[in-house]
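>>> generate coordinates for the sequence data below:
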Amino acid sequence: MLPRLGKKYEIQTEVISKPRAEFQTDEYFELDLPVAPAVMVDDEIVVEGSDVAEDKLENVIRAHLGLEPMEPEKKGLLGRLFGR
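Take a look at the predicted model:
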């Protein structure tokens, strides 16, 4: 999702993937970075320790670019019943 949003908004993205053990070292904690998995936009921590919904991430990107937030996606009957 991140590379696609980077292309859509013409922004630079970076994905850092390491084994979980490397995120639990003293050296990592000294960097004062969020607990993985995490998503940051500029200096803002969007989510820490869990995954993020694409629409939430896109709205944070839009806010940093000074754009209006997206309209909420209209859900059908099943989406309203099951929260999808």
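>>> hey, which helix or strand in the protein has the poorest pLDDT?
Least confident helix or strand, the chain: helix 77-82 with a mean of 80, by mean pLDDT, DSSP states H and E.
>>> so what does the closest residue in space to L2 that isn't next to it in sequence look like in phi/psi?
Spatially, and ignoring its direct neighbours in sequence, L2 is nearest to T13 (4.9 Å; C-beta to C-beta, 6 or more residues apart in numbering). In this view, the C-beta of every residue, glycine as well, is placed from N, C-alpha and C. Backbone geometry at T13, expressed as degrees, to the nearest 10, gives phi -120, psi 150.
>>> T13 and R4 touch, don't they?
No. Assessed by C-beta atoms under 8 Å, T13 is found out of contact with R4, at 9.5 Å.
>>> who has more neighbours, these two?
T13 (14 against 11; other C-beta atoms under 10 Å).
>>> tell me what the longest helix along the chain is packed against?
In the chain, taking DSSP state H as the definition, the longest helix is helix 54-64. Counting contacts by 3 or more C-beta pairs under 8 Å, 6 or more residues apart in numbering; DSSP states H and E, helix 54-64 is packed against helix 2-9, strand 38-41, strand 44-48.
>>> what's the first one packed up against?
Applying 3+ C-beta pairs under 8 Å, 6+ apart, one finds that helix 2-9 contacts helix 54-64.
>>> with the second one instead?
Other elements packing on strand 38-41 under the criterion 3+ C-beta pairs under 8 Å, 6+ apart are strand 44-48, helix 54-64.
>>> name every strand pairing with that strand and say which way it goes.
When pairing is defined by DSSP bridges, strand 38-41 lines up against strand 44-48 (antiparallel).
>>> what mean pLDDT does the partner strand get?
Averaged across strand 44-48, pLDDT comes to 89.
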